[in-house]
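Q: dropping the sequence and predicted coords here.
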Amino acid sequence: VLLLRDGGASMGPADLVQKISISAESPRGSERNGGGSALAGIDGAAPGSWRHKCAAYVLALRPWSFSASLTPVALGSALAYRAEGTLDPGLLLGSAVTVLAVHGAGNLVNTYYDFSKGIDHKKSDDRTLVDQILQPQDVVRFGVFLYTVGCICAAGLYAVSTLKLEHLALIYFGGLSSSFLYTGGIGFKYVALGDVVILITFGPLAVMFAHAVQVGYLSVSPLLYAVPLALSTEAILHSNNTRDMESDRQAGIVTLAILIGPTFSYILYTVLLFLPYLIFCVLATRYTISMALPLLTIPMAFSLERQFRSQSFSKIPQRTAKLNLLLGLFYVFGITLAPAGALPKLGFKANMGEMHGGGEDVSVADLHAVSPEDRGSRTKCTGSNLARKKKNAPYTERNPLYPLSPSSQAEMQGKKPLQHKHYMWQAGLGGAAEGEGFVRISSIVGNILGRRKHEAVLCLVFTLGLLPHISATSRI
């Protein structure tokens, strides 16, 4: 109608078609300036207004990537809850704000150095500085502000947590340094080491930080539980680097995707997507069925695999980040819903003979000699401290280390020593397991061994399901 009103009726058919084609192919405002018009349309904010400025700062933080830092914090806190039986919401909130501040500052450092080195351009995913949505000095000031916020929050965590200062400083400044050196300083991203930095920082390090702040001591178990999340987080970075492979090569930087090429990049992305599900299958079959909850997200993983295989890289890092968020949430729910004592390595294994210094068998009554103050203690979870407790404390319902049922307690008051040498101490959960799980550890091991055939069948089916997708690498 506008064309006809403006004189389109006097045009020839060819001119009219040409004008319509040009109008249809004209880029939208958000495509021309990388989000500038989108910012102007937020709540009717005009360019240059404070609303427009705030929206620009939010977009510069790349909030879609925050799942990579929120899910490790949630996972570490969930592991602490299963180990201690309690969760401090204040410490959880403080940990989340600290990690988010460092993550956001790292994203700003990445934006600044990519622009300074001429890597970002009009077709880049992040065009905050290219399109002059923000000025470089604005990005620098905002990054310094976020690093300051992170340090203040870390100091507050030290004030309210029982974690030692040297342990807190080691983990926090390790993460802070990694977020800066990813593109600043050494620039690990530009020498194909960025994947290693991200794999460590947004996996084991973030999970251990949240766990240690809650329980007050360092533990190895969070590192093991962080592996599935670390793989999923690395998939976000690898999809981003594969998408930017050509532009990065032209800019003269080296990434892992450039080194291994398109075919092996697809294989690596597929492994990073589906290996966490294989780990969850093993945990679900050997320990508790609640660990199968993350498998609900596997259809999204197959959808991402098909998109990556077809080389449709538009929005694939954002979609992978969404999968990472959902996978992490279901993972946290699975750990929270797991029965007490069902998860491996959340307590501490000790040889009972070594613990008591002589290698002899010890009766259950000897294990009841731990005071309520030390049960679930954040600083005395060692075998040597347990060994120093007196062995003559009677079992009571109000002071149990391992709350056996009355019948089992009466049965175990005799002189017969325990026949097995190892036990699992679940700090703060009221015992190694519900009911008589501690006494029947040998039967639990037998059940685990008996279910290995089911685990093998499940893994075989899972692998066969991936074969058609692996064979499709020849199409890339």
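A: Okay, I see it. This one's a predicted model, so the numbers in the text were calculated from it and none came from an experiment.
Q: what about the closest residue to residue 87 other than its chain neighbours, which SS state?
A: Using C-beta to C-beta, 6 or more residues apart in numbering and skipping residues adjacent in sequence, the residue nearest residue 87 is residue 81, 4.3 Å away. Yep, even glycine has a C-beta here, placed from its N, CA and C like the rest. Applying DSSP: H, G, I helix; E, B strand; the rest coil to residue 81 yields a three-state assignment of helix.
Q: next, count neighbours for residue 81.
A: 21 (other C-beta atoms under 10 Å).
Q: do I have it right that it meets residue 336?
A: Yes - look at residue 81 against residue 336 with C-beta atoms under 8 Å: they come within range, at 6.8 Å.
Q: list the residues that contact the residue lying closest to residue 104 once chain neighbours are set aside.
A: Setting aside the residues directly before and after it, residue 104 is nearest to residue 61 in space (C-beta to C-beta, 6+ apart), at 4.5 Å. If you count contacts by C-beta atoms under 8 Å, 6 or more residues apart in numbering, residue 61 has them with 104, 107-108.
Q: could you report the separation of residue 296 from residue 272?
A: Distance, residue 296 to residue 272, by C-beta to C-beta, to the nearest Å: 19 Å.
Q: how about residue 340?
A: Distance from residue 340 to residue 272, by C-beta to C-beta: 32 Å.
Q: of those two, which one has the most company?
A: Per other C-beta under 10 Å, whichever of residue 340 and residue 272 has more neighbours is residue 272, with 23 against 17.
Q: now residue 254, what are its backbone angles?
A: With angles defined as degrees, to the nearest 10, residue 254 sits at phi -120, psi 130.
Q: wait, it sits on residue 192?
A: Yes - between residue 254 and residue 192 there is a contact under C-beta under 8 Å: 4.8 Å.
Q: show me where the stretch 51-200 of the chain has its strands.
A: Assigned by DSSP state E, counting those that start in this stretch, the stretch 51-200 of the chain shows no strands.
Q: picking that back up, and the residue nearest to residue 87, what's its pLDDT?
A: Residue 81 carries a pLDDT score of 91 in this model.
Q: number the residues from 42 up from this point.
A: In the new count, where the first residue is 42, that last one comes out as residue 122.
Q: for it, list the residues it contacts.
A: Contacts of residue 122 by C-beta under 8 Å, 6+ apart are 128, 255, 377.
Q: contacts only, for the first one.
A: Neighbour list for residue 128: 118, 121-122, 255 [criterion: C-beta under 8 Å, 6+ apart].
Q: turn those residues into a markdown table, columns for distance to residue 106.
A: Shown next, in a markdown table, are these (distance: C-beta to C-beta, whole Å):
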| residue | distance to residue 106 |
| --- | --- |
| 118 | 20 |
| 121 | 25 |
| 122 | 26 |
| 255 | 24 |
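Q: of those, closest to residue 138?
A: The closest of the contacts of residue 128 to residue 138 turns out to be residue 118 (C-beta to C-beta; 13.2 Å).
Q: distance of the residue nearest to residue 128 from residue 111?
A: In terms of C-beta to C-beta, residue 122 sits 16 Å off from residue 111.
Q: measure how buried residue 93 is and give me the count.
A: Residues within reach of residue 93, counting by other C-beta under 10 Å, total 18.
Q: ugh, wrong one, I meant residue 183
A: For residue 183, the neighbour count with other C-beta under 10 Å is 19.
Q: can you flag which of the contacts of residue 122 belong to helices?
A: Residues of the contacts of residue 122 located in helices (DSSP state H): 255, 377.
Q: want to try JSON lines for the contacts of residue 122, with distance to residue 359 and pLDDT as columns?
A: Formatted as JSON lines, the contacts of residue 122 follow (distance: C-beta to C-beta, whole Å; pLDDT from 0 to 100):
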{"residue": "128", "distance to residue 359": "31", "pLDDT": "90"}
{"residue": "255", "distance to residue 359": "31", "pLDDT": "94"}
{"residue": "377", "distance to residue 359": "27", "pLDDT": "91"}
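Q: mind checking the end-to-end distance for stretch 215-231?
A: This stretch, stretch 215-231, spans 20 Å end to end (C-alpha to C-alpha, to the nearest Å).
Q: buried residues in it?
A: 216-225, 229-231 (16 or more other C-beta atoms under 10 Å).
Q: same question, stretch 329-341
A: Buried residues in stretch 329-341, counted by 16+ other C-beta under 10 Å: 329, 331-336, 338-339, 341.
Q: residue 269: which of those residues is nearest?
A: residue 335 (7.6 Å).
Q: just the pLDDT for that closest one.
A: In this model, residue 335 is scored at 95, pLDDT.
Q: repeat that for residue 141.
A: For residue 141, pLDDT reads 95.
Q: how much space is there between it and residue 254?
A: Relative to residue 254, and taking C-beta to C-beta, residue 141 is found at 14 Å.
Q: same deal with residue 240?
A: Note on residue 240: its distance to residue 254, by C-beta to C-beta, is 22 Å.
Q: cool, and residue 374?
A: Taken as C-beta to C-beta, the span from residue 374 to residue 254 is 21 Å.
Q: residue 297 contacts residue 230, doesn't it?
A: No - with contact defined as C-beta under 8 Å, residue 297 does not count as touching residue 230 (10.1 Å).
Q: ok, residue 136 touching residue 253?
A: No - using C-beta under 8 Å, residue 136 makes no contact with residue 253, being 9.5 Å away.
Q: got any residues that touch both of the two?
A: residue 117.
Q: which residues touch residue 339?
A: Shown in contact with residue 339 (C-beta under 8 Å, 6+ apart): residue 318.
Q: kindly apply the preceding question to residue 286 instead.
A: Contact partners of residue 286, counting by C-beta under 8 Å, 6+ apart, are 296, 298-299, 303, 306.
Q: okay, those in CSV with secondary structure and distance to residue 208 next?
A: CSV is the format used below for the contacts of residue 286 (DSSP: H, G, I helix; E, B strand; the rest coil; distance: C-beta to C-beta, whole Å):
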residue, secondary structure, distance to residue 208
296, coil, 33
298, helix, 35
299, helix, 38
303, helix, 43
306, helix, 37
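Q: can you name the two of these that sit furthest apart?
A: Among these, 296 and 303 lie farthest apart (C-beta to C-beta), at 12.6 Å.
Q: give me the more crowded residue out of these two.
A: residue 296 (24 against 14).
Q: isn't the more buried one right up against residue 232?
A: No - contact criterion C-beta under 8 Å: residue 296 and residue 232 do not qualify, at 9.0 Å.
Q: any weak-confidence spans in this protein?
A: Residues of the chain that meet the criterion pLDDT under 70 lie in 42-90, 162-167, 386-517.
Q: how about residue 136: what's its closest non-neighbour residue?
A: The spatially closest residue to residue 136, leaving aside those adjacent along the chain, is residue 251, at 4.6 Å (C-beta to C-beta, 6+ apart).
Q: OK, contacts around the one you found?
A: Counted by C-beta under 8 Å, 6+ apart, residue 251 has contacts 113-118, 121, 133, 136, 140.
Q: what two of these are the furthest from one another?
A: 121 and 140 (14.7 Å).
Q: sorry, back to before: tell me the one of the contacts of residue 122 nearest residue 160?
A: Closest to residue 160, out of all of the contacts of residue 122 and judged by C-beta to C-beta, is residue 255, at 39.0 Å.
Q: the closest one: neighbouring residues, count only.
A: The burial count for residue 255: 25, using other C-beta under 10 Å.
Q: which residue packs closest to it, ignoring adjacent ones?
A: Using C-beta to C-beta, 6+ apart, the closest residue to residue 255 is residue 121 (3.4 Å).
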